[in-house]
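Undergrad: coords please:
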Amino acid sequence: MVSHNVREAVQLADRLLLIDERPATLVGDEAIALPRKDRDRSAREGLLEDLATRYRETVRF
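TA: Numbers count the residues shown, from 1 in each chain. Next up is the predicted model:
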């Protein structure tokens, strides 16, 4: 899956590959530290947003 939406990627993926702008360079490889079965509840509690924010901060353009 390819997504430009970090929150969506955190909810749906098991792993994030963070790619910088041109030239496309891999700048992060993160395993999602939350079991899939807990992601719906975590979304309601804001935990997914916390993870998305942390991953977003890894790549600052």
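Undergrad: low pLDDT regions in the protein?
TA: 59-61 (pLDDT under 70).
Undergrad: ok, 90 please
TA: Along the chain, segments meeting pLDDT under 90 span 1-14, 16-61.
Undergrad: Find the centremost residue of it, please.
TA: Residue closest to the average C-alpha location in the chain (CA atoms, centre = their mean): residue 10, at 3.9 Å.
Undergrad: now it: how far from residue 18?
TA: 12 Å (CB to CB, to the nearest Å). No exception for glycine: its C-beta is placed from N, CA and C like everyone else's.
Undergrad: Which neighbours do those two have in common?
TA: residue 55 (CB atoms under 8 Å, 6 or more residues apart in numbering).
Undergrad: How about the contacts made by residue 17?
TA: With CB under 8 Å, 6+ apart, residue 17 has these contacts: 26, 28, 29.
Undergrad: Which of the residues you listed ranks first by neighbour count?
TA: Comparing the contacts of residue 17 by number of neighbours (other CB atoms under 10 Å), residue 28 comes first, having 12 neighbours.
Undergrad: and it, what does it touch?
TA: So residue 28 contacts 16, 17, 18, 55, 58, 59 (CB under 8 Å, 6+ apart).
Undergrad: Kindly format the C-alpha coordinates of stretch 34-45 as PDB.
TA: Extracted C-alpha coordinates of stretch 34-45, given in PDB (Å, rounded to 0.1, in the frame of the first residue of the first chain):
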ATOM      1  CA  LEU A  34       0.400  -1.800  18.000                       C
ATOM      2  CA  PRO A  35      -1.400  -5.100  17.400                       C
ATOM      3  CA  ARG A  36      -4.000  -4.900  14.600                       C
ATOM      4  CA  LYS A  37      -6.800  -6.100  16.900                       C
ATOM      5  CA  ASP A  38      -6.200  -3.000  19.200                       C
ATOM      6  CA  ARG A  39      -6.100  -0.400  16.400                       C
ATOM      7  CA  ASP A  40      -9.800   0.500  16.300                       C
ATOM      8  CA  ARG A  41      -9.900   1.100  20.100                       C
ATOM      9  CA  SER A  42      -6.600   2.900  19.900                       C
ATOM     10  CA  ALA A  43      -7.900   5.200  17.200                       C
ATOM     11  CA  ARG A  44     -10.700   6.200  19.600                       C
ATOM     12  CA  GLU A  45      -8.300   6.800  22.400                       C
END
